[in-house]
Each structure stands twice: as C-alpha cells, then as structure tokens.
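*Asks:* Give me coordinates for this.
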Amino acid sequence: MNTLHPTAIISGEVTMGEGNVIGPFVVITGPVSIGDDNWIGAGAVIGAIPEVRSFPHLPVDGPDGLEEPRGVRIGDHTVIREYSQVHQGWQAATVIGDRAFIMNQSYIAHDCQIGADVTIAGGARLAGHVRVGDGANIGLGALVHQRREIGRGAMVGMGSVVTRDVPDFAKAYGNPVRVHGLNLRGAQAAGYQDGDLALLAAAFDQSGEAPR
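*Replies:* Numbering: from 1, shown residues only. This is a model prediction of the structure:
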C-alpha cells in the first residue's frame, strides 16, 4: 500500500493513507497524519518538536504534564523533496494542503498553515505561524518572518525577505519585500478571466500596494 525505505525512521503516533512513498533516511516523529499518494524525499525530517525556546526538549514519552506538540497534517498528492523540514505545531497543528510541492531543503516551522497547490522553492524558510494561501508560489531562498500571511495565488520572488503580509494574487519581491503588481499567472490559475484580470491589475496602484 505504501512504499517505505528500510532506512526510514517512523516513531510515535503516525498515520498514513495509501500510495505514499517514504524515501531513504526520512525521519517522521508523531503525531503526524499523512494522506494519500504523497512523496517524501531522502533525509526529510517531519515532526520534529517546535523550535520554541520554552518548549521542553525532552523525550516525547516523558512524564505527564509536559507540554505536548500539536502535530503535523499533510494532505494528498503532495511532494516534499530532499532534506526539507516540517516541524510539529506548538499552539495548533502544522498543516500542508493537497498537491503542495515543497522543494529541497525548505524549512516549514511550527504552526504554519500551507494551502493547496502551493509551491515552495528550494531553501525557502518559513518561520512559525506563517499562513500561505492556495496556489501561492514562494521563490528560491525566500525568508518569511513569523506570523506573516502570503495570499492565495501570490508570487514571492527568489531571495525576498517577507516582513509584511503579501496580498492575494500579488507579485512581490525585494528586501524587504514590496508588491510590484498582479501575479497574472496565479490569477489565471485561480480561474479569473480577462475582464476580472483587468480589474485585479487595476487594484494595484502605482506605489505597488494593493488597496485595503
């Protein structure tokens, strides 16, 4: 039903559906829930405890009363490439939606909420509590500050430093990140037609910001 490489280490409360491929030297530490038809590449680490200074760095089966991780939930048809890291939730579960494509050496910290059809390019870093809307694309090596929100269908350019929220369907890049108009491809993928695309493009003024 599932293909697990013999060097993979799976411990704790881990559930998975069917058709999953778990590559060599993958480490999965529960609580983790994995759906169907996912592909997890070599050396990926899923379910490490939250990187929170106050969180007790003790065995998961330690004495009663310890703070418990909130888990990781991964949907269906998602790819997590080599050496990526997805940490346990701290205040809420860390979630990766359906059909996400997480490229190599990406970092998804505790409590992140990643929507469906999201692409995260290699080496991108998402701090805790980041929310990424459906269909968004985060470029190579981008850094996203904790508690920032990247809207659905948005595009964040490679190497960008995201210290502010990025609106839906925005094209944003730079250090610090700034909005530079409509991400036409993201809006088209969401099903918008020519008339609506023109209205969306007009919503971004010359300063590069989307009106609230």
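
*Asks:* Quick check, Gly181 in contact with Ala203.
*Replies:* No - applying C-beta atoms under 8 Å as the test, Gly181 and Ala203 come out as separate, 9.9 Å apart. Yep, even glycine has a C-beta here, placed from its N, CA and C like the rest.

*Asks:* And the helices in this protein?
*Replies:* Taking DSSP state H, the helices of the chain run over residues 184-189, 194-202.

*Asks:* Out of the ones you listed, the one nearest Gly35 is which?
*Replies:* helix 184-189 (22.0 Å; C-beta to C-beta).

*Asks:* what comes up buried for the closest one?
*Replies:* Residues of helix 184-189 classed as buried by neighbour count (16 or more other C-beta atoms under 10 Å): 184, 186-187, 189.

*Asks:* lowest-confidence stretch among the helices of the chain?
*Replies:* Looking at these, the lowest mean pLDDT belongs to helix 194-202 (a mean of 85).

*Asks:* For that one, name the packing helices and strands.
*Replies:* strand 178-182, helix 184-189 (3 or more C-beta pairs under 8 Å, 6 or more residues apart in numbering; DSSP states H and E).

*Asks:* For the last one, list the C-alpha coordinates in CSV.
*Replies:* These are the backbone C-alpha positions of helix 184-189, laid out as CSV (Å, rounded to 0.1, in the frame of the first residue of the first chain):
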residue,chain,number,x,y,z
LEU,A,184,-1.1,37.2,-13.7
ARG,A,185,-0.3,33.6,-13.7
GLY,A,186,-1.6,33.0,-10.2
ALA,A,187,-4.9,34.8,-11.0
GLN,A,188,-5.3,32.8,-14.2
ALA,A,189,-4.7,29.5,-12.4
